[in-house]
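Enquirer: Provide a 3D model corresponding to the input given below.
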Amino acid sequence: MKILMLIVFGAAGTLARYGLQGLVQERAGGTFPSGTLAVNLSGCFLLGIIGRYALQHLSFPPDLRIAVTVGFFGAFTTFSSFGWETMRMLEDGEWMRASLYVGASVIGGLALVRLGMRLGEMI
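Expert: Prediction:
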């Protein structure tokens, strides 16, 4: 049952990533990877909330916690795309854009995970 849940939640995470990344990138335009940044930051924030909540509440079944955190968020967040896009910017000599992207992704992601954990504790 756990494997089936991982498959279903993983597929849902992939589709959510595809939809949000495309929507944000289309609206933002340009070549800066705004869609990937939006997915990574929102994924960090939501995983912080849900992960902390699930660990603190016994009513959240362990199989569901794994399906959501590993399945959904494992497929939703896009740090492999982050690495690729950063390296492409660096290869193109766009050091400032690459630095902005890395800084916003890492520092913003960590800050939002922490904020999510705090909110998860308050729920």
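Enquirer: quick check: Phe9 touching Thr69?
Expert: No - checked against Cβ atoms under 8 Å, the pair Phe9 and Thr69 is beyond contact range at 9.0 Å. For every residue, glycine as well, the C-beta is placed using N, CA and C.
Enquirer: which of the two has more residues huddled nearby?
Expert: Using other Cβ atoms under 10 Å, the more surrounded residue of Phe9 and Thr69 is Phe9, with 22 against 16.
Enquirer: can you pull the phi/psi pair for the residue located most distally from the centre of the chain?
Expert: Here the chain reaches farthest from its C-alpha mean at Gly93, the gap being 26.6 Å by Cα atoms, centre = their mean. Dihedral pair for Gly93: phi 80, psi 20, per degrees, to the nearest 10.
Enquirer: so what sits against both of Phe9 and Thr69?
Expert: When Cβ atoms under 8 Å, 6 or more residues apart in numbering defines a contact, no residue borders Phe9 and Thr69 alike.
Enquirer: now the helices for this protein?
Expert: Along the chain, counting by DSSP state H, helices occupy 2-28, 34-56, 62-66, 73-76, 79-91, 95-122.
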